[in-house]
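Student: I would like to see how this sequence folds:
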Amino acid sequence: MNKVAAYARLLRIPGLGGLAIPPVIAALTVGVYDFYNLAILFVIGVFAAIYGFVLNDYADVELDKLIKELHGKPLVSGEISKKNAIAISVFLILFTFLFIFILWRGETLDDFKFAALICIFLAGILGSFYNLYGKKIVGSDFLVAISVAFVFLFGALSFGEPTIFTWIIFLLTFNNLTHMNAVEGGIKDADHDYIMGVKNIALSSGVKVDGDKIFIPLHFKVFGMGIRSFSAFLLFVPFIFYGYGYYMWQLIILAIAAIGVIYFSVKLLSIKTFDRNTIRKYIGIQSFLRYSLVPIMLISVIGAMYSTILIVFPIVWYIGFAPLLGEKLFKPRM
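Tutor: Here you go, the predicted model:
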């Protein structure tokens, strides 16, 4: 039973409800609503997310050993061997392409599907490069961001031509992953990254920890809030510049949710005391608020029912699985 729990932690089961859903959202933006295709896309998203996590844990074993809070990670504790982690990664690649074959079975490989294949290949290559070598290259966070954005785009290109909403969410995905890795991750790991010679945007910008104090320079705060502000602007672009229909209450809710994300982004960037639990709380709350933004934006396009499912599903998934693995809600073990 302990071994099963260890594998569940390695695969990040509680977070998959939200992390695997981008290609599903992309398909919805091009008018795909049947459960069969959306379910297969979700499974492909699961494989892609797990692949990134397992390979990242494999590459970061020695770094994670320096952090007491991460000694419970399966590869660090030795519950799962590095050899098994590599085997899992290989199987995930094979199963990804098997399910792509199932998704397109009996269909012609047209230009859009060919572009989708290129996206999934690039996502795998860029994501792998980031996980294995990214900590030695300043700005590598952009590689993992575009990698996840390509996984999202795969979901739309698998069925047809991307729409304005597809491209806007593509940019939002890139922005969010950049913020997650460069800003949130940079702050969360600032107390130990420098010990292992990690080169990232946060350390290069002057973020540093001295005892229980953390210093975050103004230009790094501007960088983080710039990403968040641009994302907030993108949420309203379809309605302001492209004339898409909307409900006034929809825009009000969207604005409130966006303000919530920005508020907790400011809280994170304003911390003076380095407390990883507090940092994890701010990151977790931002994540769940952020997941709701795109479904709210899409209400007038895909309908309230699908939007509600997109909002509720990741939360129910997380709340259902997190306690089973001993995780504290909204404080993921990162």
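Student: ok, the residue lying closest to N200 once chain neighbours are set aside - contacts?
Tutor: Nearest residue to N200, sequence neighbours excluded (C-beta to C-beta, 6 or more residues apart in numbering): G186, at 5.6 Å. No exception for glycine: its C-beta is placed from N, CA and C like everyone else's. By C-beta atoms under 8 Å, 6 or more residues apart in numbering, the residues touching G186 are 193, 200-203, 205, 207, 220.
Student: Out of those residues, which comes closest to S128?
Tutor: Closest approach between those and S128, by C-beta to C-beta: N200, at 18.0 Å.
Student: got the phi/psi numbers for the closest one?
Tutor: Backbone torsions for N200, taken as degrees, to the nearest 10, come to phi -140, psi 180.
Student: Isn't it up against A182?
Tutor: Yes. Counting by C-beta atoms under 8 Å, N200 touches A182, with 7.0 Å between them.
Student: Which neighbours do those two have in common?
Tutor: Residues within reach of N200 and of A182 at once, by C-beta under 8 Å, 6+ apart, are D141.
Student: Where do the strands of the stretch 151-300 of the chain begin and end?
Tutor: Secondary structure of the stretch 151-300 of the chain (DSSP state E, counting those that start in this stretch): strands at 208-210, 213-215.
Student: Among those strands, which one carries the weakest average confidence?
Tutor: Note on the strands of the stretch 151-300 of the chain: strand 208-210 shows the lowest mean pLDDT, a mean of 90.
Student: Now do the buried residues in that strand.
Tutor: For strand 208-210, burial by neighbour count (16 or more other C-beta atoms under 10 Å) applies to 208-209.
Student: tell me how far it is from the chain's mean position?
Tutor: Relative to the chain's own centre, strand 208-210 is displaced by 26 Å; criterion: C-alpha atoms, centre = their mean, to the nearest Å.
Student: Kindly provide the distance from the residue nearest to N200 to T166.
Tutor: From G186 across to T166, the span is 29 Å (C-beta to C-beta, to the nearest Å).
Student: Could you pull up the contacting residues of R228?
Tutor: Neighbour list for R228: 179, 261-262, 265 [criterion: C-beta under 8 Å, 6+ apart].
Student: Dump the lowest-mean-pLDDT helix or strand in the chain to PDB, keeping only the CA atoms.
Tutor: Within the chain, judged by mean pLDDT, DSSP states H and E, the helix or strand with the poorest mean is helix 61-64; its value is a mean of 75. Presented in PDB, the C-alpha positions along helix 61-64 are these (Å, rounded to 0.1, in the frame of the first residue of the first chain):
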ATOM      1  CA  VAL A  61      16.900  14.300  -6.900                       C
ATOM      2  CA  GLU A  62      20.200  15.700  -5.600                       C
ATOM      3  CA  LEU A  63      18.800  19.200  -5.400                       C
ATOM      4  CA  ASP A  64      15.600  18.000  -3.500                       C
END
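Student: could you point out which element follows that helix?
Tutor: For helix 61-64, the following helix or strand on the C-terminal side (DSSP states H and E) is helix 74-77.
Student: where along the stretch 1-150 of the chain do the helices fall?
Tutor: Using DSSP state H, counting those that start in this stretch, the helices of the stretch 1-150 of the chain run over residues 2-10, 16-19, 22-29, 35-59, 61-64, 74-77, 82-104, 111-133, 141-157.
Student: Can you pull out the low-pLDDT segments for the protein?
Tutor: Where the chain drops to pLDDT under 70, the residues are 1, 66, 69, 324-334.
Student: hmm, back to that, show me the one of the helices of the stretch 1-150 of the chain that comes nearest L254.
Tutor: So among the helices of the stretch 1-150 of the chain, helix 22-29 is nearest, using C-beta to C-beta, at 15.3 Å.
Student: how about stretch 251-267: buried residues?
Tutor: Buried residues in stretch 251-267 (16+ other C-beta under 10 Å): 251, 253-254, 257-258, 260-262, 264-265.
Student: thought P14 was touching A322?
Tutor: Yes. Using C-beta under 8 Å, P14 is in contact with A322, at 4.1 Å.
Student: quick one, which of these two is more surrounded?
Tutor: Under the neighbour definition other C-beta atoms under 10 Å, P14 and A322 were set side by side, and P14 has more, 24 against 19.
Student: In TSV, list the contacts of R228 along with distance to Y7.
Tutor: Output for the contacts of R228, formatted as TSV (distance: C-beta to C-beta, whole Å):
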residue	distance to Y7
H179	29
V261	32
I262	37
S265	33
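Student: what's the most distant pair in these?
Tutor: Across the contacts of R228, the longest distance by C-beta to C-beta is 11.2 Å; it joins H179 and I262.
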